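> quick one, fold the following:
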Amino acid sequence: MKAGRLVSDLGAAEQWLDSWVSQVNVQAERSVDLARRVATSTGSATGCDEAVRVTVGSDSETGRAVIGSFGSRFPSSGRREDR
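Presented below is the predicted three-dimensional model:
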């Protein structure tokens, strides 16, 4: 392999890596935004005969389970940028 091609290949690899990192950062920002919106969301439903009523939100047992599951799968690094 010629030196010129190696430098070109390294440059292409660096560009690809930069692009990939940028995409990961964008997805991370979206995830944080979604987590914040979910944490403030509440939904309620009532059965036709009103025998069953369900409310799900961050202050409910189900909501806490969902948020807890998300937190365990995607832990915060504790860095200020992550908050």
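
> starting at the chain centroid, how far to the helix or strand harbouring V66?
Assigned by DSSP states H and E, V66 falls within helix 61-73. The chain centre lies 13 Å from the centre of helix 61-73; the measure is CA atoms, centre = their mean, to the nearest Å.

> over to stretch 22-36?
Remark: stretch 22-36 is offset 5 Å from the chain centroid, using CA atoms, centre = their mean.

> now do the buried residues in it.
Residues of stretch 22-36 classed as buried by neighbour count (16 or more other CB atoms under 10 Å): none. C-beta: built from backbone N, CA, C; applies to glycine.

> so T55 makes contact with T42?
Yes - the criterion here is CB atoms under 8 Å, and T55 meets it with T42 at 6.6 Å.

> list the contacts for the spatially most central residue of the chain?
For the chain, the residue nearest the mean C-alpha position is S31 (2.5 Å; CA atoms, centre = their mean). S31 sits next to F74 when contact means CB atoms under 8 Å, 6 or more residues apart in numbering.

> can we start the residue count at 11 from this point?
In the new count, where the first residue is 11, that last one comes out as S41.

> now S82: how far from V76?
Relative to V76, S82 is positioned 11 Å away (CB to CB, to the nearest Å).

> between the two, which has more neighbouring residues?
Neighbour count, other CB atoms under 10 Å: between S82 and V76, V76 has more, with 16 against 8.

> my guess is the more buried one meets V48, correct?
Yes - using CB under 8 Å, V76 is in contact with V48, at 7.3 Å.

> which helix or strand lies directly C-terminal to the longest helix along the chain?
When the chain is parsed with DSSP state H, its longest helix is helix 13-49. Reading on from helix 13-49 to the C-terminus, the next helix or strand found by DSSP H and E is strand 52-56.
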